[in-house]
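K.L.:
Kindly generate the corresponding structure for this input.
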Amino acid sequence: MKALAPIMLALVLALPAQAQERPRDWQPPPPETVPNHRELWRNVLIELATYAKTRKPGFVVLVRGGTELVVKGEREAAWEEIQDPEGKTFEKRLPLRSVFRPYVRVVDGMVVDGLYCGPDALGTPLDKAIKDRQELDAKLAEEKAQGIQRPPVPQQFGPFSIDPKEELRKAAEIKRAAERQERQRRLIYAVEALRQQGRSILSIEQCKTQKEADAAYKGAARDHVLSYAAVGDEDLSKLQRGHPQGENAMPVTAITAARNWMPLLRADRFGNKAAWLMAMERTNHDVMLIDVAHRGSDPLTKDEVNRLRFKKLGAPRLMLAVLPVGKAYDWRWYWKREWVAGNPPFLFALDNTDPGSFITEVDDPQWKELLGKYLAGIMDLGFDGVVLDDLDTYLWFEELMPLDR
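P.N.:
Coordinates of the predicted model:
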């Protein structure tokens, strides 16, 4: 287990759980029986994307989140060590921070939340963040060769005060800062890997002020990121007022040609489907991301989707549909009244941070079948692409099933 120690040190910074409620009577399995959830998630996403692109070449497949699925991280390296402590498969293992090319090959880009606004914003040009990370990794590798072990994210250790309350407060503050840096590190690896392979990076920003939003758009233009910045209490169920950033009268038939985009993931603010459609038809965004049904239950028709595929200016644009993968929702069209957490089995646990949602066991055959039908339906309606959403749930499973017990 000595070889495992440096890897496990980097796993100290566990990311926060997405769902607070665990399955009843849950007991963590022995580390050697814990599955590689990242690989399970990748396999399902590859299967969905391959089906879409085989059926319709040019169909756009984007993923929202899932940064740890792009590049091999410490968790997967530790998992391999536990599965093969004698190192019999060592030569077949991918090196740490290798790109999972079969996954990257079938996606056209990634949607990132909070790249420029919010608590995890990088706060520096993307190229500089990548360069700084590469230089630090090179230094860490050099130190490791000399027998010096340091975690990839610096960690402070106390005591910080003789006052117990202040000690706890300061320790919690430092832990949050370290977790933030760890999330940024993983994001930087994923973004750089995707950009190197010619994939697009899109962002969704929740900015406090218009000034922050303007700065986000400026930073996105500098970094070649396609960004959408909401301001204040705007959310993804409300159409942005006024003209879109970088309004464009030209036809847009590829994600790389887009100058702006609009994610409208909920239709709750629109009283009926007709009002929802009319509002969207009056927009000039190059790319729109929407649900396939008004309020999750009144589905669009093929003719309605075709109407939406043109801007108000008249030029064609890309219409993308959202497909939640890592969660199921009790307000979507497929939900059955008798379903509860644990029945059917793919409803692994209730996510009480998001009312009406359930963490799914992504590789469950019944859930995979439903996802396949969902994707086929999206394509039948004439959408130009899909955003595979709610991918980060593998992090919750990893927290539920630690490797270091």
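K.L.:
The spatially closest residue to Lys238 that is not a sequence neighbour and Gln240, how far apart?
P.N.:
Once flanking residues are discounted, Lys238 sits nearest to Arg269: 5.7 Å by Cβ to Cβ, 6 or more residues apart in numbering. Quick note: C-beta positions are derived from backbone N, CA and C, even for glycine. According to Cβ to Cβ, to the nearest Å, Arg269 and Gln240 sit 12 Å apart.
K.L.:
Looking at the two now, which is surrounded by more residues?
P.N.:
Legend: neighbour count by other Cβ atoms under 10 Å for Arg269 and Gln240, higher for Gln240 (19 against 14).
K.L.:
who's in contact with that one?
P.N.:
Tyr228, Ala230, Glu234, Met262 (Cβ atoms under 8 Å, 6 or more residues apart in numbering).
K.L.:
Check which helices and strands the helix or strand hosting the second one is in contact with.
P.N.:
With elements delineated by DSSP states H and E, Ala230 resides in strand 226-231, which encompasses its position. Judged by 3 or more Cβ pairs under 8 Å, 6 or more residues apart in numbering; DSSP states H and E, strand 226-231 is in contact with strand 200-207, helix 210-223, strand 261-264.
K.L.:
picking that back up, the residue nearest to Lys238: what secondary structure?
P.N.:
Classification of Arg269 using DSSP: H, G, I helix; E, B strand; the rest coil returns coil.
K.L.:
Touching, it and Ser237? I think so.
P.N.:
Yes - here Arg269 reaches Ser237: they are 5.2 Å apart, a contact under Cβ atoms under 8 Å.
K.L.:
Quick one: end-to-end length of stretch 66-79, please.
P.N.:
Stretch 66-79 has an end-to-end distance of 18 Å (Cα to Cα, to the nearest Å).
K.L.:
what sits up against that stretch?
P.N.:
Stretch 66-79 has contacts (Cβ under 8 Å, 6+ apart) with 4, 7-8, 10-11, 34, 36, 38-39, 41-42, 45, 63, 93-100, 103-104, 110, 112, 152, 186-187, 189-191, 193-194, 391-392, 394-395, 398, 403-404.
K.L.:
Mind putting the helices and strands packed on strand 226-231 into a markdown table with mean pLDDT, mean neighbour count and distance to Gln366?
P.N.:
Formatted as a markdown table, the helices and strands packed on strand 226-231 follow (pLDDT from 0 to 100; neighbours: other Cβ atoms under 10 Å; distance: least, Cβ to Cβ, whole Å):
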| stretch | mean pLDDT | mean neighbour count | distance to Gln366 |
| --- | --- | --- | --- |
| strand 200-207 | 97 | 22 | 30 |
| helix 210-223 | 97 | 18 | 40 |
| strand 261-264 | 96 | 22 | 29 |
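K.L.:
Make TSV out of the ones you listed and add distance to Leu136.
P.N.:
What follows is the helices and strands packed on strand 226-231, written out as TSV (distance: least, Cβ to Cβ, whole Å):
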stretch	distance to Leu136
strand 200-207	22
helix 210-223	20
strand 261-264	33
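K.L.:
Quick one, which of the ones you listed gets closest to Arg309.
P.N.:
strand 261-264 (13.7 Å; Cβ to Cβ).
K.L.:
Could you export the closest one as PDB, CA atoms only?
P.N.:
Provided in PDB are the C-alpha atoms of strand 261-264 (Å, rounded to 0.1, in the frame of the first residue of the first chain):
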ATOM      1  CA  TRP A 261     -26.200  31.100 -27.400                       C
ATOM      2  CA  MET A 262     -29.200  30.900 -25.100                       C
ATOM      3  CA  PRO A 263     -29.900  28.000 -22.600                       C
ATOM      4  CA  LEU A 264     -33.600  28.000 -21.700                       C
END
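K.L.:
Next, the buried residues of the following helix or strand past that strand.
P.N.:
Per DSSP H and E, strand 261-264 leads on to helix 273-281 as the next helix or strand towards the C-terminus. Going by neighbour count (16 or more other Cβ atoms under 10 Å), the buried part of helix 273-281 is Lys273, Trp276, Leu277, Met280.
K.L.:
Output the contacting helices and strands for helix 273-281.
P.N.:
For helix 273-281, the packing partners by 3+ Cβ pairs under 8 Å, 6+ apart come out as helix 302-308.
K.L.:
Pull the residues that contact the helix it packs on.
P.N.:
Helix 302-308 has contacts (Cβ under 8 Å, 6+ apart) with Leu277, Met280, Glu281, Met288, Ile290, Met319, Asp380, Leu381, Gly382, Phe383.
K.L.:
coming back round to it: ChimeraX command to pick out the buried ones of the contacts of stretch 66-79?
P.N.:
Typed into ChimeraX, the line below selects the buried ones among the contacts of stretch 66-79, using 16+ other Cβ under 10 Å:
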select :4,7,8,10,11,34,36,38,39,41,42,45,63,96,99,100,103,104,110,112,152,186,187,189,190,191,193,194,391,392,394,395,398,403
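K.L.:
Among the contacts of stretch 66-79, which lie within strands?
P.N.:
Val63, Met110, Val112 (DSSP state E).
K.L.:
could you dump these to CSV with distance to Leu371?
P.N.:
Putting the ones in strands among the contacts of stretch 66-79 into CSV (distance: Cβ to Cβ, whole Å) gives the following:
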residue, distance to Leu371
Val63, 14
Met110, 19
Val112, 23
